[in-house]
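> give me a model of this one.
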Amino acid sequence: TSGRSAVSAARAALRLPRPATPLPPIPAGADLRIKGLSPFVTPNADFYRVDTALVLPRVDPRSWTLRIHGMVDRPVELTFADLLKRPVAEADVTLCCVSNDVGGPYVGNARWLGTDLAGVLRDAGVHRDADMLLSTSADGWTCGTPVDVVLDGRDALLAFAMNGEALPFAHGFPVRQVVPGLYGYVSATKWVTDIKVTRFDRDEAYWTPRGWAPKGPVKTESRIDLPRDGAGLPAGRTVIAGVAWAQHKGIDAVEVRVDRGPWRQ
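Okay, here's the model as predicted:
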């Protein structure tokens, strides 16, 4: 119990660094403020979780380290203090679970704060023939992420904050991976402590031997929040509202149709 209290105190005492280039505020009007419609930014307490461990890890940032090794020129081990000294980036990123049913709840959008993962890898010197990052959580869970996706310029982060506060324990405090455009099981390692630079033909992550695809690019999806499935509606006009997401690509427009009627913006 004393250990858990110490980690809670360390999280509470954490002063978040400012991003090198702060993002502008969420544009006015992004939240339509329609009752029953998901907000543009998912509150931390409402953000979906998928756990494989019965007990959530409590990792002290003062003893946390991230080891990067394998097919690199310069293996490194970073402390939490080392991570905070690197350039800090801010990014709005949607995360989604591959097991999310059509219309399901396992998707959320947050403003993340962290260190550029690609920059850390470039400092280590990734070998040309490496194509996989095998990351390991403090609880032993493993995840395989394509190297080229992380290095292609998207906002791949070693994140330590979420929506303006230090990561909640349930979302990976002190540090987690956030990689736009990939389902969580191949990208979003919480409590990350180890990244082995390797190849897909040499290593497997947690879900692969269980029959899941080794790579998981996100499909463009949408969800109608209103009207709710099975809801009774009075005759006449009604509001149709929901969310759509296509991580790393973005959504240009959404159209809807009722029965066999015309598609409407």
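
> please count neighbours and contacts with C-alpha atoms only from this point.
Fine.

> what about the helices in this protein?
2-13, 80-85, 117-124, 147-150 (DSSP state H).

> is it possible to get TSV of the ones you listed that adds mean neighbour count and distance to residue 207?
Compiled in TSV, these are given as follows (neighbours: other Cα atoms under 10 Å; distance: least, Cα to Cα, whole Å):
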stretch	mean neighbour count	distance to residue 207
helix 2-13	13	29
helix 80-85	14	28
helix 117-124	18	23
helix 147-150	19	18
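
> what count of nearby residues applies to residue 140?
15 (other Cα atoms under 10 Å).

> weakest of the helices of the chain by average pLDDT?
Of all the helices of the chain, the minimum mean pLDDT falls on helix 2-13 (a mean of 90).

> which residues are contacting it?
For helix 2-13, the surrounding residues in contact (Cα atoms under 8 Å, 6 or more residues apart in numbering) are 58-62, 166, 174.

> list buried members of those residues by neighbour count.
Buried subset of those (neighbour count, 16 or more other Cα atoms under 10 Å): 58-61, 166, 174.

> so which of the helices of the chain is nearest residue 193?
helix 80-85 (10.6 Å; Cα to Cα).

> list of residues touching the closest one?
17, 61-65, 115.

> before we move on, the earlier item: how about the contacts of helix 2-13 in a markdown table, adding pLDDT?
Shown next, in a markdown table, are the contacts of helix 2-13 (pLDDT from 0 to 100):
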| residue | pLDDT |
| --- | --- |
| 58 | 94 |
| 59 | 96 |
| 60 | 96 |
| 61 | 97 |
| 62 | 96 |
| 166 | 98 |
| 174 | 98 |
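
> out of those residues, the closest to residue 138 would be?
Out of the contacts of helix 2-13, the member with the shortest distance to residue 138 (by Cα to Cα) is residue 59, at 7.7 Å.

> in contact with that closest one, which residues?
So residue 59 contacts 7, 138, 173-174, 191 (Cα under 8 Å, 6+ apart).

> in ChimeraX, how would I select the buried members of the contacts of helix 80-85?
To isolate the buried members of the contacts of helix 80-85 in ChimeraX, using 16+ other Cα under 10 Å:
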select :61,64,65,115
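
> tabulate the contacts of helix 80-85 in JSON lines, adding columns for distance to residue 45.
Shown next, in JSON lines, are those (distance: Cα to Cα, whole Å):
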{"residue": "17", "distance to residue 45": "22"}
{"residue": "61", "distance to residue 45": "22"}
{"residue": "62", "distance to residue 45": "25"}
{"residue": "63", "distance to residue 45": "26"}
{"residue": "64", "distance to residue 45": "24"}
{"residue": "65", "distance to residue 45": "27"}
{"residue": "115", "distance to residue 45": "23"}
